[in-house]
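Visitor: need a structure here:
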Amino acid sequence: MRKALAATAVAAVAIAGCTGSGSPPPAARSRPAARSQAAAGSSAGHVHWHSCGGMAPRLLCARLQVPLDYRHPDGRKITLALDEVPATARSGRQGVLLVNPGGPGGSGLGLATLVAQRLEPSVAAEYDIVGFDPRGVGSSTPALHCDPSFFAGARPGYVPADEAAEQVLIGRAKAYARDCERKYGWLLPYLTTQDTARDMDSIRAALRQRQISYFAYSYGTYIGQVYATLFPHRIRRMVLDSTVDPDGVWYADNIAQDYAFQRRMDAFFSWVATYHGVYRLGSTPAQVSQAWYKAQARLEAHPISGPDGPMIGPDEFDDTFLVGGYANSFWPTLAAALAAYSHGGSTSGLVSAYVEGGKQNENEFAVYNAVECSDVNWPRNWAKWNSDTRKVYSTAPFEAWGNAWFNAACAFWPVRGPARPLQIRGNGLPGILMIQGTLDAATPYAGAQQAHKDLPSARMVVVQGGGNHGQSLASPPDKCVDGYLNRYLATGELPRKPGLVNASCPALPPPSPG
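Guide: Numbering: from 1, shown residues only. Okay, the predicted model is just below:
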């Protein structure tokens, strides 16, 4: 997936990817096995908190060195950036709540503040709420930047017009994989989800906690599942909002997303058609769709110029509207921008929406590839990518090719992952709270329920008809969902209804135009 935005307003690159078999290219290196669970995190580092300064006087910052390779804990180190909103309750404190917004590649700094602000104050006061930038991300060092110019200017169209156009895009993917290997060949084998899970346990140990609680969105839910598998006795409480299907990591998950995002785009077209009197883009979803594709074609022929040359072409247009699949709160802004461009050629709305939601972050993209390409082995035969993408495109065109090119470097990645994803084991876990919308495109409902089956102690709150990616602590808030979240973090209370739907909440109404 190209870009993820939890409905909490936390930006993150979400899940996607492929699994499969095939021989690696000559430069491929096997991913070394990690150390045993018992040994991981046994050499605890030290966290020295200090004021972050700025506008958040309560927020503390720190850095923590962790092993590059957990098989060799005394070897080379890398550094994680952390922040914390300390507990303020005079009694009844509940320890550390580690939070993650998703990705791979999403920065976790800042999420602690947001969670502290949006939880019930009495609940937030009981936890030391800790965010972190995972290895390779943002303020952690080193921060991965394979080709900072990769997203500069308008890019070649996602949908290849012919074989020559496809070869251009394949060349970009190959070059990006080569650039990552050239700059960070020493680091790439150690950027898997399992490595991040072990980093989490290093954070736990450095904070001198016997157990931690964990609250995550999107890809962060997969980190949680992996952590629960590797360190089941280190978990106190765990909240997984918008959950990754661990059995589909990453190819099947990718395909499922393509179909789900098409449904979300169709829902957007339908919503716009409902307000034809406002946007004048058509009174039927088909007419709105036609207007959208007409604008896309116009941008392919004449990209919107920026201060340094072409800025928004068809790819950037797609990336901008993709955010509407994550949260329908973006729909009014996107519809207004499309209407202004379609009717009068005004580009200001599209530029603003692109800068705020569609513009790609190359560090996020680099880490995204590094993690997902190494978690499992990807197909190394481009013919399979081509065939599968064309099949998806025939019925779900919106995301098919864009998703394929966003992940295409994995076909040429220098690290070869295992043939199959880690098998998630749910034995010996405490009660886990899962939250899921039935129309979530980034982590589709069927896959989240598969994760539910893999975690027998979990109980799921289902938002019926909810399409937002990230249902809790959203803006506007869903009081039903947040009620379950606050009660669980306060007392450990879980829904009691048996089966795979343990509690239900109605979806929030669609937004109004304006």
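Visitor: so where is the stretch 201-350 of the chain shaky, pLDDT-wise?
Guide: For the stretch 201-350 of the chain, no stretch is flagged by pLDDT under 70.
Visitor: the helices in it, which residues?
Guide: With helices called from DSSP state H, counting those that start in this stretch, the stretch 201-350 of the chain shows them at 219-230, 251-274, 276-279, 285-301, 314-326, 331-344, 348-353.
Visitor: do you know which of the ones you listed lies nearest S512?
Guide: helix 331-344 (7.3 Å; C-beta to C-beta). To be clear about C-beta, it is placed using only N, CA and C from the backbone, and glycine gets the same treatment.
Visitor: quick one, helices of the stretch 351-500 of the chain?
Guide: Going by DSSP H, counting those that start in this stretch, the stretch 351-500 of the chain shows helices at 362-375, 382-393, 397-407, 445-454, 479-491.
Visitor: Point out the most buried one among the ones you listed.
Guide: Across these, the average number of neighbours (mean count of other C-beta atoms under 10 Å) peaks for helix 362-375, which reaches a mean of 27.
Visitor: distance between that one and the chain's centre?
Guide: Distance of helix 362-375 from its chain centroid, counting by C-alpha atoms, centre = their mean, to the nearest Å, is 11 Å.
Visitor: If you average the pLDDT over that helix, what comes out?
Guide: Average pLDDT, helix 362-375: 97.
Visitor: so D195 sits in a helix?
Guide: Yes: assigned with DSSP: H, G, I helix; E, B strand; the rest coil, D195 falls within a helix.
Visitor: so what's it closest to, chain neighbours aside?
Guide: R135 (6.4 Å; C-beta to C-beta, 6 or more residues apart in numbering).
Visitor: Tell me, how many residues neighbour that neighbour?
Guide: 26 (other C-beta atoms under 10 Å).
Visitor: What helix or strand is it located in?
Guide: Assigned by DSSP states H and E, R135 belongs to neither a helix nor a strand.
Visitor: Contacts only, for it.
Guide: Under the criterion of C-beta atoms under 8 Å, 6 or more residues apart in numbering, the neighbours of R135 are 66, 78, 80, 190-191, 195-196, 199.
Visitor: any idea how far M200 is from it?
Guide: Using C-beta to C-beta, to the nearest Å, we find R135 at a distance of 11 Å from M200.
Visitor: thinking again about what came up before, could I get the helices of the stretch 351-500 of the chain as JSON lines with distance to G465?
Guide: Shown next, in JSON lines, are the helices of the stretch 351-500 of the chain (distance: least, C-beta to C-beta, whole Å):
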{"stretch": "helix 362-375", "distance to G465": "29"}
{"stretch": "helix 382-393", "distance to G465": "25"}
{"stretch": "helix 397-407", "distance to G465": "20"}
{"stretch": "helix 445-454", "distance to G465": "11"}
{"stretch": "helix 479-491", "distance to G465": "13"}
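Visitor: For H72, which of those helices is the nearest?
Guide: H72 sits nearest to helix 362-375 of all those, at 18.0 Å, using C-beta to C-beta.
Visitor: tell me what the closest one is packed against?
Guide: Packing partners of helix 362-375 (3 or more C-beta pairs under 8 Å, 6 or more residues apart in numbering; DSSP states H and E): helix 163-184, helix 193-206, helix 397-407.
Visitor: Now render those as TSV, adding distance to V226.
Guide: Formatted as TSV, the helices and strands packed on helix 362-375 follow (distance: least, C-beta to C-beta, whole Å):
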stretch	distance to V226
helix 163-184	22
helix 193-206	4
helix 397-407	20
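Visitor: Compare the ones you listed and give me the one nearest V371.
Guide: Of all these, helix 193-206 comes closest under C-beta to C-beta, at 6.2 Å.
Visitor: Quick one: residues in contact with that closest one.
Guide: For helix 193-206, contacts defined as C-beta under 8 Å, 6+ apart pick out 34, 40-42, 44-47, 64, 66-67, 70, 80, 82, 96, 98, 104, 130, 132, 134-135, 211-212, 214, 222-223, 226-227, 230-231, 234, 371, 375, 422.
Visitor: Ok, stretch 436-447 next?
Guide: Here stretch 436-447 has contacts from 1, 4, 14-15, 218, 221, 241-245, 247-248, 253, 256-257, 259-261, 263-264, 267, 325-326, 448-449, 460-469, 471, 507, using C-beta under 8 Å, 6+ apart.
Visitor: Check which residues of that stretch are buried.
Guide: 436-445, 447 (16 or more other C-beta atoms under 10 Å).
Visitor: Dump the strand or helix carrying S122 to PDB, restricted to CA.
Guide: Using DSSP H and E, S122 sits in helix 121-124. Provided in PDB are the C-alpha atoms of helix 121-124 (Å, rounded to 0.1, in the frame of the first residue of the first chain):
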ATOM      1  CA  PRO A 121      -7.800  11.700  31.300                       C
ATOM      2  CA  SER A 122      -8.100   9.300  34.200                       C
ATOM      3  CA  VAL A 123      -6.900   6.400  32.100                       C
ATOM      4  CA  ALA A 124      -4.100   8.300  30.400                       C
END
